[in-house]
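1. next input, structure requested:
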Amino acid sequence: MVGDFKGNGFDLESTRLSDEERLSRLTVAVCLLYVWLIALGSATIKRGDRHLVDRTDRRDLSIFRIGCYMLDRKLRLEQSVTLPLLPYL
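-> This next block holds a predicted model:
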């Protein structure tokens, strides 16, 4: 998770925010997005679509990264991005 918030993901250290209130709001927004991307990655794996964004010969990507790549893929292909509130029921 630390890598996801640093250079391998959101790259929060590059914001150089010093205002405590702005940093707090950014942190809340990033945490919500992080949870959503984890849920999207999990749903992608459960649907069996992991092969669309990850290697098939070995597992290289985290669930977060799978969610990021799937979101990017859907946006580039102009597909809708939906995620049910209860993806495992």
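2. how about residue 74, secondary structure?
-> Residue 74 falls in the helix class when you classify it by DSSP: H, G, I helix; E, B strand; the rest coil.
3. now the nearest residue to it once chain neighbours are set aside: phi and psi?
-> Once flanking residues are discounted, residue 74 sits nearest to residue 81: 4.9 Å by Cβ to Cβ, 6 or more residues apart in numbering. The way it works is simple: take the backbone N, C-alpha and C, and place the C-beta from them, glycine included. Per-residue torsions, residue 81: phi -110, psi 110 (degrees, to the nearest 10).
4. was I right about residue 81 contacting residue 71?
-> Yes: counting by Cβ atoms under 8 Å, residue 71 is a contact partner of residue 81 at 6.2 Å.
5. need the overlap of contacts for the two.
-> With contacts taken as Cβ atoms under 8 Å, 6 or more residues apart in numbering, the residues that reach both residue 81 and residue 71 are residue 40.
6. between these two, who's got more neighbours?
-> residue 71 (19 against 11; other Cβ atoms under 10 Å).
7. quickly find the element holding that one.
-> helix 63-76 (DSSP states H and E).
8. give the buried residues for that helix.
-> For helix 63-76, burial by neighbour count (16 or more other Cβ atoms under 10 Å) applies to 63, 64, 65, 66, 67, 68, 69, 70, 71, 74.
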